[in-house]
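Q: need coordinates for the following:
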Amino acid sequence: SAGAHSLSTGAINLEGGTLDLANGNLLLGNRSNTMGILSINAGTALVGRLRLPADSADLNCTGTLQMAGGVLYLGGLESATKTTAARSNLWLSGGTIRALTNFNSTLNMELLNSPGPGVVTFDIWTNTVQLSGVVSGPGKLIKTGDGTLTLHQANLFGGATISSGVMIVEYGAGSGSGTGYLAVATGGTLAGTGRVSALNLGGGILAPGGDLDYVGTLTAGIMNWTNGVYRWNVQNFSGGIWDRVLGTGALTIASGIVTVKVVSTSGAGMSGVADNYDVSAGYTTTIASASSIVGFDANKFVVDISDFANDEGATWSISTLGTNLVLVVTPPVSSSRLVYWDSNATIGSLQPTNGVWGETSNTWMVGGVAPNVIWDNSRNDKALFTAGANATPTVRVDIASATNSGIYMPTLNNTHSFVINGTG
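A: Numbering: from 1, shown residues only. Here you go, the predicted structure:
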């Protein structure tokens, strides 16, 4: 029924059937020196808003939710006070909490191994639920429903599974997902910029960032990637604004296929064209790192660029560079660049002076714009040299063979030019 229902001292024990307070509130512990308990072992309870303890004054009162089974439909979970005299107990060892609407709870809760089976299901439906209190205990959590569950604290529970919908982990100084493995199953998505102690990508989606379309870094300890999708957002290729997974333990690439889905964004949370992408430049970009990488095979990865608005025909692949997992973008064979001679790579401006054209020397600028790059002999680049007004620069060619589609040596007048020598 509608309205507020209070339990100052005593207990409601639900062993079956239905307790329907969906249009009202249940207040547990709403007087000084009182204790109200809602215990659910089976059956269904519908509560518009659960407040424990219920009194807003600085009184010695306790409100307790103990759940070992059954289903609790809940429209809100809150405490009237945060004083030390008033206590809230959330002891969960089984059953399902199903969100009726969006809500944010600041209450601490414990996930226990008994008297229930030690696994609690949070069914968010299509809503958004935020847990801003600490979740502790040896029990485990299963996230279901198409909605979003956000964990804001350094939590200490036994681990979690995302079966459907989105879980966002936002706390970076400690593990937001508890001390055990966080398993991302088929249908589930892990997002956020926080930290997880151990990660198992087993069919779901890994999406670093505050939400699916935001760029960010997610930190993880031990990681096992069996199959699933790594949703990699990129906003700016030259500014380093793209997703990363920062691993502090080993990354094991197990059997199965991991799809790296490249998504271009034009701003925070906005799909569109990424900034500073040059199809002719080529990129080797770190998308994940670890203390070690075990079982890597390029054939275990597929790169999906269907949501990359900048696509101009480059080839995408996954490789390793030390203990980093890198995304390699190889320009089309037919593409060419206009590269400018810059004898001093540290300056990053056109230098019509003496220099070395070699295999590893960064003596070129694409389009005359820093940063400097090395000569790529696999391309048909156009090389442009600009001689100074009062100099005859010498370029020593040490590269074995330099193929190109044109070398241009314009001079400011007819009396100055370049001198080419070397072994190449």
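
Q: just the strands in the stretch 201-350 of the chain please.
A: 217-236, 241-242, 244-247, 250-253, 258-267, 270-271, 283-289, 292-294, 301-307, 315-321, 324-330, 338-341 (DSSP state E, counting those that start in this stretch).

Q: mind exporting the fourth one as CSV, just the C-alpha atoms?
A: Just to be clear, that refers to strand 250-253. Extracted in CSV, the C-alpha atoms of strand 250-253 (Å, rounded to 0.1, in the frame of the first residue of the first chain):
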residue,chain,number,x,y,z
ALA,A,250,50.2,-11.0,-16.5
LEU,A,251,47.9,-10.9,-19.5
THR,A,252,47.1,-14.4,-20.8
ILE,A,253,45.6,-14.7,-24.3
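
Q: ok, that strand: who's next to it in the sheet?
A: strand 217-236 (parallel), strand 292-294 (parallel) (DSSP bridges).

Q: and the pLDDT at the closest residue in space to residue 242 that isn't next to it in sequence?
A: Spatial nearest neighbour of residue 242, chain neighbours left out: residue 234 (4.0 Å); criterion: Cβ to Cβ, 6 or more residues apart in numbering. In this view, the C-beta of every residue, glycine as well, is placed from N, C-alpha and C. Per-residue confidence (pLDDT) for residue 234: 95.

Q: over to residue 246?
A: 96.

Q: surely it touches residue 223?
A: No - if you go by Cβ atoms under 8 Å, residue 246 and residue 223 don't touch, sitting 10.5 Å apart.

Q: sorry, back to before: using JSON lines, please lay out the strands of the stretch 201-350 of the chain together with distance to residue 97 and mean neighbour count.
A: Below are these laid out as JSON lines (distance: least, Cβ to Cβ, whole Å; neighbours: other Cβ atoms under 10 Å):
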{"stretch": "strand 217-236", "distance to residue 97": "25", "mean neighbour count": "22"}
{"stretch": "strand 241-242", "distance to residue 97": "36", "mean neighbour count": "21"}
{"stretch": "strand 244-247", "distance to residue 97": "30", "mean neighbour count": "20"}
{"stretch": "strand 250-253", "distance to residue 97": "33", "mean neighbour count": "20"}
{"stretch": "strand 258-267", "distance to residue 97": "31", "mean neighbour count": "19"}
{"stretch": "strand 270-271", "distance to residue 97": "33", "mean neighbour count": "12"}
{"stretch": "strand 283-289", "distance to residue 97": "33", "mean neighbour count": "18"}
{"stretch": "strand 292-294", "distance to residue 97": "37", "mean neighbour count": "14"}
{"stretch": "strand 301-307", "distance to residue 97": "34", "mean neighbour count": "15"}
{"stretch": "strand 315-321", "distance to residue 97": "39", "mean neighbour count": "15"}
{"stretch": "strand 324-330", "distance to residue 97": "36", "mean neighbour count": "19"}
{"stretch": "strand 338-341", "distance to residue 97": "61", "mean neighbour count": "22"}
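
Q: adding distance to residue 113, write those strands out as TSV.
A: Compiled in TSV, these are given as follows (distance: least, Cβ to Cβ, whole Å):
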stretch	distance to residue 113
strand 217-236	23
strand 241-242	41
strand 244-247	29
strand 250-253	28
strand 258-267	33
strand 270-271	44
strand 283-289	33
strand 292-294	32
strand 301-307	38
strand 315-321	40
strand 324-330	36
strand 338-341	64
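
Q: coming back round to it: TSV please, covering the strands paired with strand 250-253 and showing distance to residue 122.
A: Listed next are the strands paired with strand 250-253 as TSV, based on distance: least, Cβ to Cβ, whole Å:
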stretch	distance to residue 122
strand 217-236	20
strand 292-294	32
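
Q: among those, which is nearest residue 350?
A: Closest to residue 350 of the strands paired with strand 250-253 is strand 217-236 (Cβ to Cβ; 24.9 Å).

Q: how far is the closest one from where the chain is centred?
A: 6 Å (Cα atoms, centre = their mean, to the nearest Å).
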